[in-house]
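Asks: What follows is a predicted protein model with its sequence.
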Amino acid sequence: MIGTSKTDNTVRLTVGQAVVRFLEVQKVERDGQVSTFFGGALGILGHGNVAGVGQALLEEIDRFRFIQGKNEQGMAHIAVGYARQMNRMGAMAVTTSIGPGAANMITAAGTATVNRLPVLLLPSDYFSTRRTGSVLQQIENEQSNDISANDSFKAVSRYWDRIDRPEQLSASLMRAMETLTNPATTGAVTLCLPQDVQAEAYDFDLDLFRERIWRIPRTRPDKDSLAQAAEAIKSSKRPLIIAGGGVVYSSASKVLAEFAEKTGIPVGSTQAGKGALPYDHPMNSGPMGALGLRFANRLAHTADLIIGVGTRYTDFTSASNTMFQNPQVHFVNINVLSFDAHKEAAIPVIGDARETLSELQEVLGDWQVDEDYRSEAVAKADEQRQAVDRMVQHIPGTEGLGQKEVIGIVNEFARPQDVVVNAAGSMPSDLQKLWKAGSPLGYSVEYGYSCMGYEIPAALGMRMADPSREIFSFIGDASFIMYHQDVLTAIQEREKIILLLLDNGGYGSIHSLSMQVGSQGFETKYYYRGDNGRQNLKEPLQVDFPKILEGYGVKTYTVEDADQLHQALRKALASDQITAIYAKVAPVERDDAADAYWEVATPEVAHIESSIKAHQEYERIRDLQRNYL
């Protein structure tokens with residue numbers, strides 16, 4: 001970039017140019033490893049950014065990768081997937097036009113923030129000068145001229161700012177990087193850029209554009225908190241570790257395995273923590289929570305101490321606070337974020353998971369659980385693995401493929417480093433139960449926000465982050481209908497993913513839940529509308545999903561049995577481009593494999609028998625809930 005400057009210490013650039021130039025030179029370091037932080041930018045160039053940030057990206061195209069998006073939500077989800085596969089050591093920026101283009105990113109911003117993943121969002125905004133009057137595609141607010149659609153990002157961003165003057169940019173960019181690279185605060189960062197300000201020139205200090213390395217801190221725990229936690233562990237008889245996403249983000253898997261082996265404390269995993277411990281590790285009691293399996297859950301029912309490592313205790317993990325049934329149960333929480341560390345009235349140990357577990361082991365010394373409890377935990381872990389092997393088998397006497405069977409077959413083809421991706425419907429439950437994760441970054445089911453439409457763009461972002469891994473993205477028919485545009489982006493960018501499209505004829509997971517809570521599956525499947533205004537359950541809608549994919553140019557295989565699925569997977573793995581495998585699967589049936597509860601409110605007053613009965617059961621189970629949050 002070339003510009004005239006007032007002094008030798010400044011360079012004259014537009015705000016858009018300054019943003020791009022700043023992003024190019026940001027690096028991160030952890031454990032002595034230095035890497036470039038931003039892997040590029042995604043954008044749809046339109047009214048608001050085409051001559052601002054868009055022009056700056058054009059100037060830097062040989063030095064800073066740009067990916068053309070197809071939908072703003074999808075672009076941000078690509079960035080979320082990229083950050084996840086980079087284990088938060090890398091991120092992408094996303095630029096949009098104003099109004100609807102910007103607002104389309106809000107859902108993905110929530111996905112990033114809930115999952116603690118760094119994403120930089122650059123939505124365009126109104127004219128700061130206001131000389132144009134009312135602006136096309138922008139919301140007007142009669143209470144204030146300083147409110148736009150971009151104010152909606154405040155609820156889903158860890159840091160939010162609006163750059164009304166070029167002078168404000170430097171401080172805001174530095175604050176953005178501090179947030180993005182801080183393990184305790186990372187998530188979506190939103191910098192709103194008025195379209196006139198994007199194109200406005202300013203003499204920026206050259207120091208803003210020097211290479212800057214941001215060190216990812218490994219926060220060490222307070223010694224007194226560590227001693228208190230160690231005393232609680234030594235006093236326990238039936239402790240249980242819950243491994244959350246913080247274990248993966250901290251690269252703490254090896255230390256966790258050693259800690260479990262030395263102490264004999266079994267480990268259950270959340271969705272985000274699955275893969276933190278090797279699948280076949282003797283202390284791996286398996287997935288826990290409302291979507292887990294009864295083996296880890298029953299240990300949790302009787303545990304007198306829960307050690308939460310990098311977990312937020314979502315309602316699925318805690319079974320809506322009914323999981324921990326021992327009247328004497330108490331908690332130790334290891335987390336980089338004080339807010340999470342204090343949940344469940346715990347002894348909070350605020351620190352990096354890897355370092356804290358290592359130091360905690362030193363304080364515990366040779367302490368370990370009684371041999372009887374260790375043997376019980378090892379036996380339950382072994383039972384869990386045997387149960388998984390049974391659950392993925394084809395059910396004798398049934399035609400076609402079952403969803404669990406498909407998952408088992410795909411898992412056989414996946415190498416330890418390969419990644420499975422999903423986000424919503426019934427598959428998160430089956431994947432958490434059944435997928436044998438080969439590595440900490442090999443399991444990526446987004447169940448913090450459980451955002452439908454995440455599956456394809458996030459898989460693309462993961463492949464961009466690490467082309468050495470095969471990315472298997474499972475998506476249901478309802479999620480596919482909601483969002484599938486980025487199969488075109490994968491083709492355009494020559495990035496390979498393997499898409500597993502499983503069709504159960506609608507919102508299968510919610511259909512099953514609807515039946516459970518007494519709502520009779522109302523409007524959860526795809527049927528034609530009858531003359532009486534109700535769905536005609538004898539006329540299911542038929543969608544030719546392979547034809548949709550083939551229209552984009554995606555090679556698609558339709559499979560009806562295990563042999564055909566095996567053949568399709570071999571061809572997909574041999575290909576160097578995006579491939580899809582489509583299968584109709586049996587309707588979802590809720591099972592009791594978890595032996596756990598998830599609260600969905602039922603009406604206190606109802607006029608149909610199914611709802612009345614469901615509410616009676618709801619009232620009974622609520623009595624089991626703990627009062628601590």
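Replies: In hand now; what should we look at?
Asks: Can you list the buried residues in stretch 521-531?
Replies: 521, 524-527 (16 or more other CB atoms under 10 Å). Where you see a C-beta, it was placed from the backbone N, CA and C, and this is true even at glycine.
Asks: ignore the last one, stretch 164-178
Replies: Under the neighbour-count criterion of 16+ other CB under 10 Å, stretch 164-178 has 164, 166, 169-170, 172-173, 176-177 buried.
Asks: Which one of those residues is nearest to residue 99?
Replies: Nearest to residue 99 out of these is residue 164 (CB to CB; 17.8 Å).
Asks: For the closest one, which non-adjacent residue is closest in space?
Replies: Sequence neighbours aside, residue 128 is the residue nearest to residue 164 in space, at 4.9 Å (criterion: CB to CB, 6 or more residues apart in numbering).
Asks: Rounded mean pLDDT for stretch 64-81, please.
Replies: What stretch 64-81 shows for mean pLDDT is 97.
Asks: any chance you could map the strands in the stretch 351-500 of the chain?
Replies: 419-422, 443-445, 471-476, 498-503 (DSSP state E, counting those that start in this stretch).
Asks: can you list those in JSON lines and add mean neighbour count, mean pLDDT and distance to residue 301?
Replies: Converted to JSON lines, the strands of the stretch 351-500 of the chain look like this (neighbours: other CB atoms under 10 Å; pLDDT from 0 to 100; distance: least, CB to CB, whole Å):
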{"stretch": "strand 419-422", "mean neighbour count": "29", "mean pLDDT": "98", "distance to residue 301": "27"}
{"stretch": "strand 443-445", "mean neighbour count": "26", "mean pLDDT": "96", "distance to residue 301": "24"}
{"stretch": "strand 471-476", "mean neighbour count": "28", "mean pLDDT": "97", "distance to residue 301": "30"}
{"stretch": "strand 498-503", "mean neighbour count": "24", "mean pLDDT": "97", "distance to residue 301": "32"}
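Asks: Looking at those strands, which is nearest to residue 66?
Replies: Once those are compared by CB to CB, strand 471-476 is nearest, at 21.4 Å.
Asks: just checking, what packs against that closest one?
Replies: helix 403-413, strand 419-422, helix 427-434, helix 455-465, strand 498-503 (3 or more CB pairs under 8 Å, 6 or more residues apart in numbering; DSSP states H and E).
Asks: now the angle from that strand to strand 498-503?
Replies: 10 degrees (axes from the mean of the first three to the mean of the last three CA atoms, to 10 degrees).
Asks: Burial check on the residue nearest to residue 164, number of neighbours?
Replies: Residues lying near residue 128 (other CB atoms under 10 Å) number 18.
Asks: Show the model's pLDDT score for it.
Replies: Looking at residue 128, its pLDDT stands at 85.
Asks: how about the nearest residue to residue 106, chain neighbours excluded?
Replies: Using CB to CB, 6+ apart, the nearest residue to residue 106 is residue 152, at 5.5 Å.
Asks: Convert stretch 309-324 to CSV, retaining C-alpha atoms only.
Replies: Provided in CSV are the C-alpha atoms of stretch 309-324 (Å, rounded to 0.1, in the frame of the first residue of the first chain):
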residue,chain,number,x,y,z
VAL,A,309,-12.5,-29.3,33.7
GLY,A,310,-13.2,-26.6,31.1
THR,A,311,-17.0,-27.2,31.1
ARG,A,312,-19.9,-24.7,31.3
TYR,A,313,-22.4,-27.2,32.8
THR,A,314,-25.0,-26.7,30.2
ASP,A,315,-28.4,-28.3,30.7
PHE,A,316,-27.5,-31.2,28.5
THR,A,317,-24.3,-31.9,30.5
SER,A,318,-26.0,-31.6,33.9
ALA,A,319,-29.3,-33.2,32.7
SER,A,320,-31.0,-30.0,33.6
ASN,A,321,-29.4,-30.2,37.1
THR,A,322,-30.8,-33.7,37.8
MET,A,323,-27.5,-35.5,37.1
PHE,A,324,-25.9,-35.2,40.5
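Asks: Next, the buried residues of that stretch.
Replies: Buried residues in stretch 309-324 (16+ other CB under 10 Å): 309-324.
Asks: Ok, stretch 18-28 next?
Replies: 18-24, 26, 28.
Asks: just checking, which of the residues you listed belong to helices?
Replies: 18-24 (DSSP state H).
Asks: Looking at those, which two lie furthest apart in space?
Replies: It's 18 and 24 that sit farthest apart of those, by CB to CB, at 10.9 Å.
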